[in-house]
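In: Build me a model from this:
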Amino acid sequence: MEILTKTWPWYVAGPLIGLMVPLLLLMGNRQFGISSSIRDFVAVIFRKRQGYFAYEPEKNNWRLWFAVGIVAAGLVLSFLPGPEKAGIGVEAQTKLASQGVTVQSGLYPTQLLGGENGFSLTQVLFCMIGGLLVGFGTRYAGGCTSGHSIMGLSQLSGTSLLATIAFFAGGLLMTHLIYPYLLPTLLQP
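Out: The predicted structure follows:
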């Protein structure tokens with residue numbers, strides 16, 4: 001069981017993720033990515049059979065089970081004892097502390113994203129706007145980071161290369177230029 005609960009080094013985890021690409025292609029020319037699974041969930045819930053949310057069970061059921069498996073594996077592994085627990089890294093804690101974020105227990109800084117006192121209205125609005133932007137960006141780019149950066153790049157897709165560059169540029173822009181200016185607003189009660 002310890003092999004499931006320890007952090008695998010990049011040189012083991014990376015090739016295992018990479019092996020998903022040929023495996024999925026051999027299993028019926030399937031494409032790896034999670035954003036299309038979310039679209040399938042919406043189609044199943046609202047019973048859509050046409051338009052953008054058109055759902056073909058015989059063709060797409062595997063994506064639903066793939067997404068369910070990701071969530072189920074995360075839940076099961078969260079209950080297994082292990083030498084390491086997920087949390088905020090020491091370097092990130094130091095950087096956040098220098099920016100005034102001092103409450104950093106668990107998986108995220110509760111001072112930024114709600115803690116014992118719940119979420120502030122500002123935090124809820126930032127989360128909602130962020131979610132909408134991520135959803136829009138995923139659809140506008142024609143897929144998510146896993147679809148483009150893993151599947152698309154392995155197929156030498158120029159579109160996936162541009163999308164991956166945009167994903168990283170957006171992350172760097174947010175982290176280093178926008179986030180420092182938003183932080184004081186997020187820290188207000």
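In: What are the boundaries of the strands in this structure?
Out: Using DSSP state E, the chain contains no strands.
In: what helices or strands is the longest helix along it leaning on?
Out: Scanning the chain for the helix with the most residues, using DSSP state H, yields helix 57-79. Under the contact criterion of 3 or more CB pairs under 8 Å, 6 or more residues apart in numbering; DSSP states H and E, helix 57-79 touches helix 35-45. From N, CA and C alone the C-beta is placed, and that goes for glycine too.
In: Going by contacts, tell me the helices and strands next to the helix it packs on.
Out: Applying 3+ CB pairs under 8 Å, 6+ apart, we find helix 35-45 packed against helix 57-79.
In: one step back: got the contact list for the longest helix of the chain?
Out: 4-5, 30, 34, 36-38, 40-41, 44 (CB atoms under 8 Å, 6 or more residues apart in numbering).
In: now that helix and helix 35-45, what's the angle there?
Out: Going by axes from the mean of the first three to the mean of the last three CA atoms, to 10 degrees, helix 57-79 is angled at 110 degrees with respect to helix 35-45.
In: Can you give me the buried ones in helix 57-79?
Out: Neighbour counts over helix 57-79 (16 or more other CB atoms under 10 Å) mark 60, 63-64, 66-67 as buried.
In: rewinding a little: generate a ChimeraX selection restricted to the buried subset of the contacts of helix 57-79.
Out: Here is the ChimeraX command that selects the buried residues among these (16+ other CB under 10 Å):
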select :30,34,36,37,40,41
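In: Run through this structure and note the low-pLDDT ranges.
Out: Counting by pLDDT under 70, the chain contains low-confidence ranges at 1-6, 48-55, 57, 81-87, 103-107, 114-118, 188-189.
In: Please enumerate the helices of it.
Out: Taking DSSP H as the criterion, the chain carries its helices at 2-5, 10-26, 35-45, 57-79, 90-98, 121-140, 145-146, 153-154, 158-173, 179-187.
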